[in-house]
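*Asks:* model the structure of this input:
(one chain, ligands or ions: 1)
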Amino acid sequence: MYKDFDLANLEREYSPSSCIDDINVYINKYISLSKEANENAKKNKSLKADLSYGKNSDELIDLYLPTKGNNRKLQVYIHGGYWQALTKAESSFAATNFQQHGCYFAVINYSLAPNASLSEIVEQNKRAIAWLFSNAEALGFDASEIYLSGSSAGGHLAMMMLQTLWSDYVENSKSNQLIKGVCAVSGIYDLTPIAHTYINEPLQLTATEIEKNSPLNNSLLNTCPVVFAFGEQETSEFKRQTSEMLMKLSQAGIEVSCNEITNRNHFDIILDLSDPNSWLCHQVFRQMKLI
Ligand SMILES: N[C@@H](CC(=O)c1ccccc1NC=O)C(=O)O
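*Replies:* Purely as a prediction, here's the structure:
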């Protein structure tokens, strides 16, 4: 087992739903807000849907185009769901906000466990970012203005992107600083504890996979500023995971900020990206030099 936890406690700590009444309330919000953003974008022709970044039919990106001005900057969102739930269809809730602030907004779709292993999922996301970088000019944004955000498992995947040697994925990367900023919300950065829990059933993580895919174990090759956040209403393990990653990056001299958001849980905290007045959105806009 892990540290002093018994199985029941460890599983509760790694079940974000243990801090709230009904997970469906929040999943339904993801669904309705994402549908609204998607339908609006279709109506005003500001959506390039289902852009394919690979051979697998899951390897798709929805790209939302700026609707008010155009600063040629791109925010990429990687959804959460323990690498086994959710898709791009529930993950475009913040698109309209970014579009209205002159930005491009991309939502990455990737395969889910058990259809794909965690290592394959990480590879897909790397190829998705590389595809966006390589096609920036044709798509309309600046290849040197790519930013990332992610929630939960998406926070983990965003951090994995900073441990990428981009020359393995793109032809013309002059430096490895392909991503210019990251917003990682309620992520898991050490996979060791979840390997003991029910979460690992579809994942079947091996020891090598845990080591390789735990951002806390490996050094960053893409050293951009990182904004961290977690909700007040989250378990102590989720809070500790972020604190440890924050410490590691700050010791490595990386520009970091972190906030525990009052009155937010694991699921509604990320909805703050759709609210231009929230702390989280302010941090991201500041990172993108919009404010
Ligand atoms: N068994 C997990 C479920 C979970 O984390 C989850 C389920 C559906 C969609 C997203 C999820 N998690 C993170 O975004 C829990 O108890 O919270």
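*Asks:* look up the closest residue to Met160, ignoring the ones flanking it.
*Replies:* Closest residue to Met160 apart from its sequence neighbours, by CB to CB, 6 or more residues apart in numbering: Val122 at 5.1 Å. For every residue, glycine as well, the C-beta is placed using N, CA and C.
*Asks:* so the one you found makes contact with Ser214?
*Replies:* No: if you go by CB atoms under 8 Å, Val122 and Ser214 don't touch, sitting 11.2 Å apart.
*Asks:* show me what contacts the closest residue to the ligand within the stretch 51-200 of the chain?
*Replies:* When scored by CB to the nearest ligand atom, the stretch 51-200 of the chain has Gly80 as its residue closest to the ligand, at 3.5 Å. Residues in contact with Gly80, defined by CB atoms under 8 Å, 6 or more residues apart in numbering, are Leu86, Gly150, Ser151, Ser152, Ala153, Gly154, Gly155, Ser186, Ile270.
*Asks:* need the contact list for the residue nearest to Met160.
*Replies:* Contacts of Val122 by CB under 8 Å, 6+ apart are Leu157, Met160, Asn213.
*Asks:* phi and psi next, for the nearest residue to Ile199 once chain neighbours are set aside.
*Replies:* Spatially, and ignoring its direct neighbours in sequence, Ile199 is nearest to Tyr82 (5.4 Å; CB to CB, 6+ apart). Torsion angles at Tyr82 (phi, psi; degrees, to the nearest 10) stand at phi 50, psi 40.
*Asks:* Tyr82 and Asn200 touch, don't they?
*Replies:* No: the pair Tyr82 / Asn200 is not scored as a contact, 9.6 Å apart, by CB under 8 Å.
*Asks:* higher neighbour count, these two?
*Replies:* Neighbour tally, Tyr82 and Asn200, criterion other CB atoms under 10 Å: the higher count belongs to Tyr82, 22 against 18.
*Asks:* confidence score at that one?
*Replies:* Note on Tyr82: pLDDT of 98.
*Asks:* ditto for the one 10 residues further on
*Replies:* Note for Ser92: predicted pLDDT of 99.
*Asks:* before we move on, what about the one 4 residues further on?
*Replies:* As summarised for this prediction, Thr96 has a pLDDT of 99.
*Asks:* likewise Asn125?
*Replies:* 99.
*Asks:* the closest residue to it other than its chain neighbours: what's it in contact with?
*Replies:* Closest residue to Asn125 apart from its sequence neighbours, by CB to CB, 6+ apart: Leu157 at 5.0 Å. Applying CB under 8 Å, 6+ apart, we find Leu157 in contact with Ile78, Ile121, Val122, Asn125, Gly150.
*Asks:* please repeat the previous calculation with a cut-off of 7 Å.
*Replies:* Ile78, Val122, Asn125, Gly150 (CB atoms under 7 Å, 6 or more residues apart in numbering).
*Asks:* pull the distance from the host helix or strand of the last one to the chain's centre.
*Replies:* Read that as Gly150. If you go by DSSP states H and E, Gly150 is part of strand 146-151. Here the centre of strand 146-151 is set off from its chain's centre by 5 Å, with CA atoms, centre = their mean, to the nearest Å.
*Asks:* which strands and helices lie in contact with that strand?
*Replies:* Judged by 3 or more CB pairs under 7 Å, 6 or more residues apart in numbering; DSSP states H and E, strand 146-151 is in contact with strand 74-78, helix 153-161, strand 181-185.
*Asks:* before we move on, the earlier item: correct me, but the residue nearest to Ile199 touches Thr197?
*Replies:* No: applying CB atoms under 7 Å as the test, Tyr82 and Thr197 come out as separate, 10.0 Å apart.
*Asks:* and for the nearest residue to Ser111 once chain neighbours are set aside, the neighbour number?
*Replies:* Among residues not flanking Ser111 along the chain, Asp58 sits closest, at 4.3 Å (CB to CB, 6+ apart). Neighbours of Asp58 under the rule other CB under 10 Å: 15.
*Asks:* give me the three-state assignment for Asp58.
*Replies:* State at Asp58, reduced to three classes by DSSP: H, G, I helix; E, B strand; the rest coil: coil.
*Asks:* which residues sit in contact with it?
*Replies:* Applying CB under 7 Å, 6+ apart, the residues near Asp58 are Asn109, Tyr110, Ser111.
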